[in-house]
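Undergrad: make a model of this:
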Amino acid sequence: MKKKMRILYISSVVPNTSCGSSIAIYRHLVYKSDFEVSYCSYFTENSETEYNYTIPTSRIRKRVQNTRFSRLIWNVTYLLNWHFLPKKLYRYTKHYNPDAILTVPDNVYGGIAYQLARKLKIPLVVDFQDLFPYSQFTSIQIRPFKPIQKFLINKFRLLNHKASLAFYTSEGMRDFFNFKNNGFVLYPIGDFNRPKIEGDKYTPVIKGRFKIIYAGNCYGAYGRMLLKLTNHIIESKNSQIQLEIYPAGIDWPEKDIETAKKHHVLQDFTPFEELKKRLIEADGFLTVMSFEKLEKPFVQTSFTTKWLDYAPYGKPIFVWGPEYSSAVKFAKKYDCGIIISSDSSKEVFNQFTATSSNLETIVHYGIQARKVSDEVLNPENIHKLFVDEINKLGK
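TA: I've put the predicted structure just below:
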């Protein structure tokens, strides 16, 4: 039996089944068991890897991180982690003796991964899932200041240049870093246990009520978009369109949460295995990307993991986002989504209504969704690319 490569994985993206980015790395590193993996970070409690190492943190720092100085402390950490390597982590890494260092670069761990790979003279693999320095989803307490943001983006470019192997979550991410010979577009990976659908039976049947499901983040810019849409649907008193939101996190005012629940729009958080039962019942799905100026670099490069969850069910996917977003570009390239590129909840609602009574559109985009799921977003093919390219580093 061929010996598995030993990977030391270091990132704030924890390998577990809690959210999109974590699920993707879990499926690559844990679910298929193609590598022997040790996960390292300051917080490893929720990791599902076989081996874990928690980087020690002093009591004083832990205490200060919970004060008004939290943001300052974290920003200093972002800088120092590019210049100082935790000694105990280095000793652990030497003892573990990995064949490669893997990181999903974020604000915290990219510098540590870079230093470990250089000091031990082993390959560094970077998986660019998001431009974390630009992210508005992180809480203000840990968000990088503008000068640190610029510093981190420059360091991301260094990682791209120095890495033995680079993965990019979208064409937009690849273009941001300039494509290189040892770089590959690696879309996020969907569920290996795909729904069993025969022939054309997956195309929805028009009935009295058209149910559209959104499952994912419901805070920050995305939360503001979804709240606008929710209020528009409630105020329209339309009995034909039913929107259901399954939040992975929400920051709406309590009054709006109560109203949305009262009208059966906002649902409780639902674990993925349970959520799949709800997705089967949908007539269509919604994915969103922000129109806000601050989010532009983020939405140009990130790839919404909702495609992976939605597409296998062969239902129309409504793509609400700006023309420059990776989601809209992907939908256009593969003709696999109904695009609303205006920041208008009214236009989204009108598109829902128009589609709900158009069988030809429903069938076409249902077929296209399933097609992109079977081909471009096929999880077996995505995982094979990940495994094959990493294994080449061990030869």
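Undergrad: list the contacts of residue 266.
TA: Neighbouring residues of residue 266 by C-beta atoms under 8 Å, 6 or more residues apart in numbering: 230, 245, 247, 250, 257, 260. Yep, even glycine has a C-beta here, placed from its N, CA and C like the rest.
Undergrad: try it again with 7 Å
TA: 245, 257, 260 (C-beta atoms under 7 Å, 6 or more residues apart in numbering).
Undergrad: likewise for residue 209?
TA: 240, 242.
Undergrad: model confidence score at it, please.
TA: The model reports residue 209 with a pLDDT of 83.
Undergrad: likewise for residue 205?
TA: Value listed for residue 205 in the pLDDT field: 49.
Undergrad: and if you look at residue 200?
TA: Residue 200 is assigned a predicted lDDT (pLDDT) of 49.
Undergrad: about what we covered before: buried subset of the contacts of residue 266?
TA: Buried subset of those (neighbour count, 16 or more other C-beta atoms under 10 Å): 245, 257, 260.
Undergrad: bridged to the closest residue to the last one other than its chain neighbours, which residues?
TA: I take that to be residue 260. Spatial nearest neighbour of residue 260, excluding adjacent residues (C-beta to C-beta, 6 or more residues apart in numbering): residue 266 at 3.6 Å. Listed by DSSP bridges, the beta-bridge partners for residue 266 are residue 245.
Undergrad: shift numbering so it begins at 11
TA: Will do, 11 is the new start, and the previous item becomes residue 276.
Undergrad: flag the shaky bits of the stretch 261-405 of the chain, pLDDT-wise.
TA: Within the stretch 261-405 of the chain, the set of residues satisfying pLDDT under 70 comprises 405.
Undergrad: domain map for the protein?
TA: 16-200+388-402, 220-384 (automatic domain parsing).
Undergrad: what about the first one, how long is it end to end?
TA: Translated: domain 16-200+388-402. 13 Å (C-alpha to C-alpha, to the nearest Å).
Undergrad: do the same with the shortest one
TA: Domain 220-384 has its terminal residues 25 Å apart, counting by C-alpha to C-alpha.
Undergrad: off-centre distance for it?
TA: 15 Å (C-alpha atoms, centre = their mean, to the nearest Å).
Undergrad: residue 394: neighbour count?
TA: Residues near residue 394, counting by other C-beta atoms under 10 Å, number 13.
Undergrad: again, but for residue 260
TA: For residue 260, the neighbour count with other C-beta under 10 Å is 18.
Undergrad: ok, now which ones touch it?
TA: By C-beta under 7 Å, 6+ apart, the contact set of residue 260 is 228, 229, 233, 267.
Undergrad: assumed residue 111 was part of a strand.
TA: Yes. Residue 111: assigned to a strand according to DSSP: H, G, I helix; E, B strand; the rest coil.
Undergrad: do I have it right that it meets residue 124?
TA: No. Between residue 111 and residue 124 there is no contact under C-beta atoms under 7 Å: 8.4 Å.
Undergrad: give me the common contacts of these two.
TA: Contact with both residue 111 and residue 124 is made by residues residue 134, according to C-beta under 7 Å, 6+ apart.
Undergrad: for residue 319, which residues are in contact?
TA: 200, 225, 289.
Undergrad: do residue 231 as well
TA: Counting by C-beta under 7 Å, 6+ apart, residue 231 has contacts 146, 300, 302, 305.
Undergrad: kindly indicate which of those residues lies nearest residue 250.
TA: Closest approach between these and residue 250, by C-beta to C-beta: residue 300, at 27.7 Å.
Undergrad: burial of the closest one, as a residue count?
TA: By other C-beta under 10 Å, neighbour count at residue 300 equals 22.
Undergrad: and what of the one 10 residues further on?
TA: For residue 310, the neighbour count with other C-beta under 10 Å is 20.
Undergrad: wait, it sits on residue 334?
TA: Yes. Look at residue 310 against residue 334 with C-beta under 7 Å: they come within range, at 5.6 Å.
Undergrad: kind regards, and thank you for your time.
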